[in-house]
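Undergrad: dropping a prediction and its sequence here:
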Amino acid sequence: MKKLLVSTICSFFCITLFAQTTTKNMTNLRSNSSMNNDSMLSITTPMPKASLPVLETYISTDIVSVIKQKTAGGDQLYDITAVTAVAMPQSWDYVVRVIRNGSMVTEKMDSTGNPINQ
């Protein structure tokens, strides 16, 4: 009996909260539609945009600026990932993906921004 009473009270609160939200939204819609007949057409939702380049691992700002300068020929820098260099394990190479003519291209660069042959 106690569970039934608690569930009934919880249901009542949920319905009350839902009704308040709906009434508030309907009031806003009515006031907006009274100002403009095309109010539903004028509602726009901004699309979220990523801050490019996406850094997959920690990369210093001077390396990012060097790579941006090297890929600036009409390509949009998408992301950069640091990987251990094969020749010298104490240094880093960078896997860089750019958007070139609408397609994703992956390049491997050293810390000076020069391409590495894979």
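TA: Arrived safely, thanks for sending.

Undergrad: what bridges to the residue nearest to residue 74 when sequence neighbours are not counted?
TA: Among residues not flanking residue 74 along the chain, residue 100 sits closest, at 7.7 Å (Cβ to Cβ, 6 or more residues apart in numbering). All C-beta spots, glycine's among them, are computed from the backbone N, C-alpha and C. Counting by DSSP bridges, residue 100 forms beta bridges with residue 103.

Undergrad: look at residue 100 and say how many residues are nearby.
TA: Close neighbours of residue 100, defined as other Cβ atoms under 10 Å, add up to 15.

Undergrad: ok, now residue 80?
TA: By other Cβ under 10 Å, the residues close to residue 80 number 23.

Undergrad: helix or strand: which one has it?
TA: Element membership for residue 80, per DSSP states H and E: strand 76-84.

Undergrad: what of residue 58?
TA: For residue 58, there is no enclosing helix or strand under DSSP H and E.

Undergrad: many thanks, have a good one.
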